[in-house]
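K.L.:
Structural data only, the sequence is not supplied:
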């Protein structure tokens, strides 16, 4: 009997979470260098091969991160959000893209605690965020003329578009460091608060 799509998706998500939490707990107990992927796989009832079908590296399993994606619905929401300030629009788009890599595990504070305790894990987190940034840059800068250049309040050339995307990622990074749980639960509020702080600090520094 063929498994229903919804049940299969739920099972895959649960297996993803089981592997992630087992790897994270093992890391907190013994450090990332001592996390054994074969033992983790055995503890959750999957093969080592299946482990790497879910996560590219053991560090990704520890942090609960995958490959980010910029999906059509994200771009559609960005283009429709014409009443929001440009920087906030780009920030919310970047959050949506990063969330595709983190979406199955919403406890950002837990992830941040892991990175603080084992700074070497930050490399994988940084790599993931940079991949998300490049996706947004490719979409919003390379295709800027077709998408959004010259729209009300938006950049008028590609240099401005690129600056806006880079600033948005800086705001996102600051927001994650400042209050990761708020960013996970209410990204618009977290980003608005962070934008105010960033803009105020830049104004004072000029």
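P.N.:
Alright, I've got the coordinates. Please read these numbers as outputs of a predicted model, since none were measured by experiment.
K.L.:
after the helix or strand of the chain with the lowest mean pLDDT comes which helix or strand?
P.N.:
Among the helices and strands of the chain, helix 144-147 carries the lowest confidence by mean pLDDT, DSSP states H and E, at a mean of 70. Moving toward the C-terminus from helix 144-147, the first helix or strand encountered (DSSP states H and E) is helix 158-178.
K.L.:
Next, the buried residues of that next one.
P.N.:
Using 16 or more other Cβ atoms under 10 Å as the burial criterion, the residues of helix 158-178 that qualify are 161-162, 164-165, 167-169, 171-172, 174-176. C-beta here means a position set from N, CA and C on the backbone, and glycine is covered the same way.
K.L.:
elements contacting that helix?
P.N.:
On a contact count with 3 or more Cβ pairs under 8 Å, 6 or more residues apart in numbering; DSSP states H and E, helix 158-178 meets helix 86-102, helix 108-117, helix 122-137, helix 144-147, helix 180-185, helix 187-205.
K.L.:
pLDDT of that helix, averaged?
P.N.:
Across helix 158-178, pLDDT averages out at 88.
K.L.:
next one: stretch 47-66
P.N.:
Across stretch 47-66, pLDDT averages out at 92.
K.L.:
what does it contact?
P.N.:
Applying Cβ atoms under 8 Å, 6 or more residues apart in numbering, the contact partners of stretch 47-66 are 15-17, 19-20, 23-24, 27, 32, 35, 37-38, 40-41, 67, 100-102, 104-105, 111, 114-115, 121, 123-125, 128.
K.L.:
I figured residue 75 hits residue 93, correct?
P.N.:
Yes: shown here, residue 75 and residue 93 form a contact pair, counting by Cβ atoms under 8 Å, at 7.5 Å.
K.L.:
Quickly list the domain ranges of this protein.
P.N.:
Listed domain ranges for the chain are 5-63, 72-205 (source: automatic domain parsing).
K.L.:
Just give me the longest helix of the chain.
P.N.:
Longest helix in the chain by number of residues, with DSSP state H as the criterion: helix 5-30.
K.L.:
Which strands or helices does that helix pack on?
P.N.:
Helices and strands touching helix 5-30, as assessed by 3+ Cβ pairs under 8 Å, 6+ apart, comprise helix 37-43, helix 48-54, helix 58-63, helix 108-117.
K.L.:
what's the most buried one of those?
P.N.:
Neighbour counts averaged per stretch over the helices and strands packed on helix 5-30 are highest for helix 58-63, at a mean of 25; criterion: mean count of other Cβ atoms under 10 Å.
K.L.:
to the chain's geometric centre, what's the distance from that helix?
P.N.:
In terms of Cα atoms, centre = their mean, to the nearest Å, the gap separating the centre of helix 58-63 from the centre of its chain is 14 Å.
K.L.:
Pull up the gap between the nearest residue to residue 71 once chain neighbours are set aside and residue 65, please.
P.N.:
Using Cβ to Cβ, 6 or more residues apart in numbering and skipping residues adjacent in sequence, the residue nearest residue 71 is residue 100, 7.0 Å away. In this structure, residue 100 and residue 65 are separated by 10 Å, where distance is defined by Cβ to Cβ, to the nearest Å.
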